[in-house]
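*Asks:* Compute the structure for the input listed below.
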Amino acid sequence: PPRHVVRVVNEAIDRIPDATFEAPYVGGGRPPYHPKMLTKVIVYAYTQRIYSSRQIAKAVREQVPFMW
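*Replies:* So this is what the prediction gives:
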């Protein structure tokens, strides 16, 4: 739906400038996932009362809002 929590989280995190996320990254190694995307996943997980990294990883594989 248009006002689903995942959309609200997406809009809120998108308002944060990219430079905020890229400044601490020093480079090297494999290309990482974009920090904004990971932040969106974690914030949405917390809104759903999912705090365990293993449960978050499972939700990303199995639940459509997390995939979106």
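
*Asks:* ok, Met67 - contacts?
*Replies:* Val60 (Cβ atoms under 8 Å, 6 or more residues apart in numbering). C-beta coordinates here come from the backbone N, C-alpha and C atoms, glycine included.

*Asks:* Can you give me the separation between it and Tyr44?
*Replies:* Distance of Met67 to Tyr44, computed by Cβ to Cβ, to the nearest Å: 11 Å.

*Asks:* longest single helix anywhere in this protein?
*Replies:* helix 35-47 (DSSP state H).

*Asks:* now that helix: how far from the chain's centre is it?
*Replies:* 3 Å (Cα atoms, centre = their mean, to the nearest Å).

*Asks:* So for the next helix or strand after that helix, what gets flagged as buried?
*Replies:* Sequence order places helix 53-62 as the next helix or strand after helix 35-47, per DSSP states H and E. Of the residues in helix 53-62, 56, 59 count as buried by neighbour count, 16 or more other Cβ atoms under 10 Å.

*Asks:* and the angle from helix 53-62 to helix 35-47?
*Replies:* Put simply, helix 53-62 runs at 110 degrees to helix 35-47, going by axes from the mean of the first three to the mean of the last three Cα atoms, to 10 degrees.

*Asks:* Report the mean per-residue pLDDT for helix 53-62.
*Replies:* The average pLDDT for helix 53-62 rounds to 95.
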